[in-house]
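Enquirer: pasted the sequence and its predicted model underneath.
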Amino acid sequence: MTFSDTHVLVTGGAGFIGSHTVDLLMAKGCKVSVLDNLSSGTLANLASWENHPRFAFVGGDVTQDITEAMAAAVARHGPIHRIAHFAAQTAVPISIDNPVTDIEVNLCGTTRVLEYARRNAVAKVVFASSSAVYDDDAPVPVSEESSARPSSPYGIDKLAAEIYLDYYARLYGVKFTALRFMNVYGPRQDPSSWYSGVISIFLDRAAAGEQITIFDDGEQTRDFVYVTDVANAVATALLGNAGDGAIINIGTGVEVTINEITRTILTLAKSRSAVQYAPARAGDIRRSVTTMDKATALLGFQAHINLREGLDHTLAWVRTAKST
Ligand code: UD2
């Protein structure tokens with residue numbers, strides 16, 4: 001099935017998860033417009049599509065009205081039919097230091113996207129939500145019914161944005177699916193900042209033979225899901241009716257300790273990096289893993305890339321990125 005008549009807007013499409021979603025939508029034949037302010041994403045992530053006739057890049061920000069920014073792309077490809085909304089302030093610690101900015105980008109930004117959707121009769125919005133909405137003390141595995149009591153402004157704003165999605169669906173008929181991502185990893189995840197994903201940091205350090213720091217005792221767990229699996233879940237919800245009106249966790253259902261992931265990374269990279277332990281990071285949750293029932297039932301979702309395979313692909317990317 002191709003989607004040559006479907007014009008999709010991907011906000012944050014130059015970023016890590018957004019750009020993989022763009023790759024998939026382009027491969028499916030959609031017309032794709034990316035709106036991104038390049039605050040954390042890069043044009044290099046979209047290099048394959050730069051001159052493609054079905055692709056448009058729009059420099060713009062969800063903290064401003066997006067209608068004007070989108071005008072040229074709409075004139076070229078026609079009205080927007082569906083929106084994948086990734087543009088966000090993505091770091092939990094930054095939201096704790098600066099809650100107002102987080103509201104402006106993550107909550108007001110989502111509301112602007114919904115306003116655009118309402119005014120332009122967009123059929124559906126898929127929203128990148130997060131496992132950060134859950135109560136730290138919620139028993140694992142977390143299901144969508146688990147207590148949502150966020151421990152950061154980031155989690156609060158993602159949860160509030162979900163409520164807005166529901167509101168716009170009820171009042172204006174803008175359909176939505178909110179996907180609560182677990183720990184996403186893969187190529188293009190930037191290892192350079194202190195709040196980057198643990199896998200991107202450890203692979204980068206292991207490839208360079210530099211020291212790896214495990215916070216706490218390393219027995220804390222996460223559910224690591226590979227980025228192309230996440231992009232598949234987004235595309236399934238976005239391009240049809242699957243998951244309409246639903247909030248769905250996206251992970252693998254596999255719980256892995258940070259110690260285990262460290263050992264696997266060191267073996268794969270044939271690395272002699274030293275490993276040191278440091279005190280637990282404030283606000284870190286102890287265990288995180290999702291149930292899979294809802295994602296399977298509503299999206300037919302299953303993670304195809306297992307951890308070993310995903311780490312192999314990501315390590316290959318890290319090595320290429322380091323040599324260029
Ligand atoms: C993830 C998401 C975050 C939010 C949150 C919800 C990422 C990058 N972040 O945060 O956006 O959705 O889940 O709960 O996916 N660690 C080390 N050494 C390091 C870095 C990390 O030991 O150098 C540990 C860290 O203490 C934690 C685990 O690795 O126990 C995962 O850390 P993370 O920053 O990759 O992701 P997390 O779960 O804090």
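Expert: Thanks, I have it. These figures come from a predicted structure and were not determined experimentally.

Enquirer: for the residue of the stretch 1-150 of the chain found nearest the ligand, give me its contacts.
Expert: Closest residue of the stretch 1-150 of the chain to the ligand, Cβ to the nearest ligand atom: Ala132 (3.5 Å). Backbone N, C-alpha and C define where each C-beta goes, glycine included. By Cβ atoms under 8 Å, 6 or more residues apart in numbering, the contact set of Ala132 is 92, 150-152, 154-155, 158.

Enquirer: and it, how far is that from Gly109?
Expert: Distance from Ala132 to Gly109, counting by Cβ to Cβ, to the nearest Å: 16 Å.

Enquirer: kindly export stretch 31-44 (C-alpha atoms) in PDB.
Expert: What follows is stretch 31-44, C-alpha atoms only, in PDB (Å, rounded to 0.1, in the frame of the first residue of the first chain):
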ATOM      1  CA  LYS A  31       4.500  13.400   1.100                       C
ATOM      2  CA  VAL A  32       6.400  14.600   4.200                       C
ATOM      3  CA  SER A  33       6.900  18.100   5.600                       C
ATOM      4  CA  VAL A  34       9.200  18.500   8.600                       C
ATOM      5  CA  LEU A  35       8.800  21.400  11.000                       C
ATOM      6  CA  ASP A  36      11.900  21.700  13.200                       C
ATOM      7  CA  ASN A  37      13.800  24.500  14.900                       C
ATOM      8  CA  LEU A  38      17.000  22.400  14.800                       C
ATOM      9  CA  SER A  39      17.500  23.000  18.600                       C
ATOM     10  CA  SER A  40      18.500  19.400  19.000                       C
ATOM     11  CA  GLY A  41      17.800  17.800  15.600                       C
ATOM     12  CA  THR A  42      20.100  18.200  12.600                       C
ATOM     13  CA  LEU A  43      19.700  18.500   8.900                       C
ATOM     14  CA  ALA A  44      22.200  15.600   8.600                       C
END
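
Enquirer: stretch 264-281 near the ligand anywhere?
Expert: Yes. Remark: stretch 264-281 sits within contact range of the ligand at Arg281, by Cβ under 6 Å from any ligand atom.

Enquirer: without its sequence neighbours, what residue ends up closest to whichever residue of the stretch 201-324 of the chain sits closest to the ligand?
Expert: Residue nearest to the ligand within the stretch 201-324 of the chain: Phe215 (3.6 Å; Cβ to the nearest ligand atom). Nearest non-adjacent residue to Phe215, counting by Cβ to Cβ, 6 or more residues apart in numbering: Arg281, 4.7 Å away.

Enquirer: where does that neighbour fall, phi/psi-wise?
Expert: The phi/psi pair for Arg281 (degrees, to the nearest 10) reads phi -80, psi 140.

Enquirer: number of nearby residues for it?
Expert: Around Arg281 there are 12 other residues, counting by other Cβ atoms under 10 Å.

Enquirer: over to Val225?
Expert: Neighbour count of Val225, defined by other Cβ under 10 Å: 26.

Enquirer: for the one 3 residues further on, same thing?
Expert: Neighbour count for Thr228, taken as other Cβ under 10 Å: 19.

Enquirer: ok, Lys270 next?
Expert: Per other Cβ under 10 Å, the neighbour tally for Lys270 reads 8.
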